[in-house]
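> task: produce atomic coordinates for the following.
(one chain, ligands or ions: 1)
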Amino acid sequence: MTAPAFPYISTRGAAPPATFDDILLAGLARDGGLYVPEAWPAWTADTLERWRGHSYAGLAAEICAPFMAGSAAAADLPALAEASYAGFDDPAVAPLVPLEDGLYLQELFHGPTLAFKDYALQLVGRLFDAVLAARGERITVVGATSGDTGPAGIAACAGREAIDIFMLHPAGRTSEVQRRQMTTVPDGNVFNIAVDGTFDDCQDLVKALFADDALRDRVNLSAVNSINWARVMGQIVYYVHAALQVGGQGNASERAVSFAVPTGNFGNVFAGYGARRCGLPVGRLIVGSNANDILTRFFRHNAMEIRGVTPTLSPSMDIQVSSNFERLLFDLLDRDGAAVESAIRAFRTGGSLPLDEARWQRATALFRGASLDDEGTIGLMRSVFERTGRQIDPHTAVGLAAARECRGGGDPVVVLATAHPAKFPDAVERATGRRPALPPHLADLHARAERCVTMAKDSARLTDYVLANARTVRG
Ligand SMILES: *Cc1c(COP(=O)(O)O)cnc(C)c1O
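Next up, the predicted model:
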């Protein structure tokens, strides 16, 4: 007997409730909304105590199980979680490092591509494969990357039986490390396409593929983007993992921990919110922004206003509109899908999110925000290095600055270190005078053979290329 399915609902309220397997494969809901759990699993103090001492993979299986009730992958979950983190290059998977008084860094860069996205995506790729195998289906993942999402997406899909992945990047416009993290992956189901053009050209090409209904059906087009619920689920794990360690002696449920998260799409910090909704004692959730500080302006002044995107030293947070914020907005608007729909429409057309004072205050009871510009980022990276000998990446520096500015109440605070310093070597060298070395599993990255085709911005050619190479061609 399988467990009854755990239901998910759309933040816009107009799509029918769906199962985990449906939303895993669908991504966005049909009404344009994002899926959220209809109700959160409830962890008691005893649950948290029982989890203390679990391995990272064991904890992941425990946390994901209720979210995946009824899934075709549910029975395999412990083994899939085990396999997901087996290749990480630190035995603790997400080690916690004390940095200064009551403040810790949680290193989320021990996966294959050196950024926190691996923590969820390594599991999500395996869940896709398991669910697709059970359904006898295959998918073709197509994506565009400016350099950061591509490697993690490819690492998640490489070698998976039921998936082919085509990743577009702008030729010559990613860093060499980023390009090589994509093009040196040897698996036959990975196709790298360097487009003669910009990141926007790549995105236009991807949009054109998704707009082609005949192609969509023939190759079962899909995406592994940050609005997929399964990514949020996979990220909840490290919040719990950190809190169980920092909670230290005594009952984890008695000592609240705050988290500081360098944020772009709000997906990572929303997982912290999810952990709290399930019962983890979380003090504050502190959002760190670079010069693209729309979220910080919201949490400080209730001013979520669209401005242009400024390129910064922390490029993975150079984002204008944080797509996952809609999940929080849904709760702030008392889970009224129609109200979310109209607020988002007003935001998109008028450039500013209307939210009354009382609801905004509910948000700021938990969330704080602070921003740090590039000069401040370099300065902070330098001072941490001078004081401790530790190199931190620019995204982590943004989180650390926010933690120092916004922590309160004496809670310990955990800063999520979202990338390895060697992923952003130019900024790190500028700040510390030393070029950070790649970890051993990537030490020969520059000697590995690359596979990549180069293409003009031509959607007909791209379509032909996908049809010629995807294993899922029907009719
Ligand atoms: C993607 C990314 C972020 C932003 O994560 P969100 O979930 O979009 O908030 C921060 N830091 C690094 C290194 C990233 O790769």
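> can you name the residues of the chain that neighbour the ligand?
Neighbours of the ligand within the chain, by CB under 6 Å from any ligand atom: 115, 117, 148, 226, 262-268, 316-317, 395, 418-419. Where C-beta positions appear, they are placed from N, C-alpha and C, glycine not excepted.
> need the max-distance pair from these.
266 and 419 (17.4 Å; CB to CB).
> count of residues packed around residue 452?
Residue 452 is flanked by 17 other residues according to other CB atoms under 10 Å.
> which residues does it contact?
Neighbouring residues of residue 452 by CB atoms under 8 Å, 6 or more residues apart in numbering: 179, 182, 183, 192, 193, 194.
> closest to residue 157 out of the residues of the chain next to the ligand?
Nearest to residue 157 among the residues of the chain next to the ligand, with distances taken as CB to CB, is residue 117, at 12.8 Å.
> hang on, the closest one packs against residue 152?
Yes: taking contacts as CB atoms under 8 Å, residue 117 lies within contact range of residue 152: 3.8 Å.
> phi first, then psi, for residue 144.
phi -120, psi 140 (degrees, to the nearest 10).
> can you tell me the SS state at the closest residue to it other than its chain neighbours?
Nearest in space to residue 144, with sequence neighbours left out and distances taken as CB to CB, 6 or more residues apart in numbering, is residue 202 at 3.7 Å. Of the three states, residue 202 takes helix under DSSP: H, G, I helix; E, B strand; the rest coil.
> contact partners for the residue lying closest to residue 325 once chain neighbours are set aside?
Closest residue in space to residue 325, ignoring its immediate chain neighbours: residue 266 at 4.6 Å, by CB to CB, 6+ apart. For residue 266, the contact set (CB under 8 Å, 6+ apart) comprises 287, 295, 322, 323, 324, 325, 327, 328.
> ok, what's across the strand from the first one?
Beta bridges link residue 287 to residue 261, residue 369, judged by DSSP bridges.
> and it, what is it in contact with?
Contacts of residue 287 (CB under 8 Å, 6+ apart): 260-261, 263, 266, 269, 295-296, 299, 367-370, 402.
> before we move on, which element is residue 276 in?
Secondary structure assignment for residue 276, by DSSP states H and E: helix 267-278.
> by contact count, what packs against the helix or strand containing residue 382?
If you go by DSSP H and E, residue 382 is part of helix 374-388. Counting contacts by 3 or more CB pairs under 8 Å, 6 or more residues apart in numbering; DSSP states H and E, helix 374-388 is packed against helix 394-406, helix 425-432.
> give me whichever of the ones you listed is most buried.
Highest mean neighbour count of the helices and strands packed on helix 374-388: helix 394-406, a mean of 27 (counted as mean count of other CB atoms under 10 Å).
> what pLDDT, on average, does the helix or strand just after that one get?
Where DSSP H and E defines the elements, the next helix or strand beyond helix 394-406 is strand 413-417. Averaged across strand 413-417, pLDDT comes to 98.
> residue in the stretch 101-250 of the chain with the shortest distance to the ligand?
Using CB to the nearest ligand atom, residue 115 is the residue of the stretch 101-250 of the chain that sits closest to the ligand, at 4.1 Å.
> how many neighbours does the residue nearest to that residue when sequence neighbours are not counted have?
Distances taken as CB to CB, 6+ apart put residue 419 closest to residue 115, at 4.6 Å, once the chain neighbours are dropped. Around residue 419 there are 24 other residues, counting by other CB under 10 Å.
> my read is that residue 419 contacts residue 395, right?
Yes: with contacts counted by CB under 8 Å, residue 419 reaches residue 395, the gap being 5.3 Å.
> joint contacts of these two?
Common contacts of residue 419 and residue 395 (CB under 8 Å, 6+ apart): residue 316.
> host element of residue 82?
Judged by DSSP H and E, residue 82 forms part of helix 77-86.
> then that helix to PDB, C-alphas only?
Extracted in PDB, the C-alpha atoms of helix 77-86 (Å, rounded to 0.1, in the frame of the first residue of the first chain):
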ATOM      1  CA  LEU A  77      14.400   7.900  -1.100                       C
ATOM      2  CA  PRO A  78      16.900   6.800   1.500                       C
ATOM      3  CA  ALA A  79      19.100   5.200  -1.200                       C
ATOM      4  CA  LEU A  80      18.700   8.200  -3.500                       C
ATOM      5  CA  ALA A  81      19.700  10.600  -0.700                       C
ATOM      6  CA  GLU A  82      22.700   8.400   0.100                       C
ATOM      7  CA  ALA A  83      23.800   8.400  -3.500                       C
ATOM      8  CA  SER A  84      23.200  12.200  -3.800                       C
ATOM      9  CA  TYR A  85      25.800  13.200  -1.100                       C
ATOM     10  CA  ALA A  86      28.200  10.200  -1.400                       C
END
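> what residues does it touch?
56-58, 60-61, 64-65, 68, 71, 73, 93, 122-123, 126-127, 130.
> and what of stretch 34-52?
6-11, 17-18, 23, 26, 28-29, 59, 62, 66-67, 227, 229, 240, 243-244, 247, 251-254, 274, 277-280, 323-324, 326-327, 330.
> quick one: buried ones out of those?
Buried members of these, scored by 16 or more other CB atoms under 10 Å, are 6-11, 18, 23, 26, 28-29, 59, 62, 66-67, 227, 229, 240, 243-244, 247, 252-253, 274, 277-280, 323-324, 326-327, 330.
> which regions of this protein sit below the pLDDT cut-off?
Along the chain, the model assigns pLDDT under 70 to residues 1-2, 248-254, 475.
> now the strands for it?
8-10, 35-37, 96-100, 103-107, 139-144, 163-170, 190-195, 221-222, 257-262, 282-289, 367-371, 413-417, 453-455 (DSSP state E).
> possible to save those strands as a markdown table with distance to residue 353?
Output for the strands of the chain, formatted as a markdown table (distance: least, CB to CB, whole Å):
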| stretch | distance to residue 353 |
| --- | --- |
| strand 8-10 | 19 |
| strand 35-37 | 18 |
| strand 96-100 | 34 |
| strand 103-107 | 30 |
| strand 139-144 | 26 |
| strand 163-170 | 31 |
| strand 190-195 | 33 |
| strand 221-222 | 30 |
| strand 257-262 | 20 |
| strand 282-289 | 15 |
| strand 367-371 | 14 |
| strand 413-417 | 25 |
| strand 453-455 | 38 |
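> and the helices in the stretch 201-350 of the chain?
213-219, 229-246, 267-278, 294-301, 325-332, 337-350 (DSSP state H, counting those that start in this stretch).
> oh sorry, the question was meant for the stretch 51-200 of the chain
56-67, 77-86, 117-135, 149-157, 176-183, 199-211.
> most packed of these?
Buried most deeply of the helices of the stretch 51-200 of the chain, by mean count of other CB under 10 Å, is helix 149-157, with a mean of 26.
> helices or strands up against it?
In this structure, helix 149-157 packs against helix 117-135, strand 139-144, strand 163-170, helix 176-183, strand 190-195, with contacts taken as 3+ CB pairs under 8 Å, 6+ apart.
> of those, which is nearest residue 414?
Of the helices and strands packed on helix 149-157, nearest to residue 414 by CB to CB is helix 117-135, at 14.4 Å.
> so residue 223 touches residue 140, yeah?
No: judged on CB under 8 Å, residue 223 makes no contact with residue 140 at a distance of 10.1 Å.
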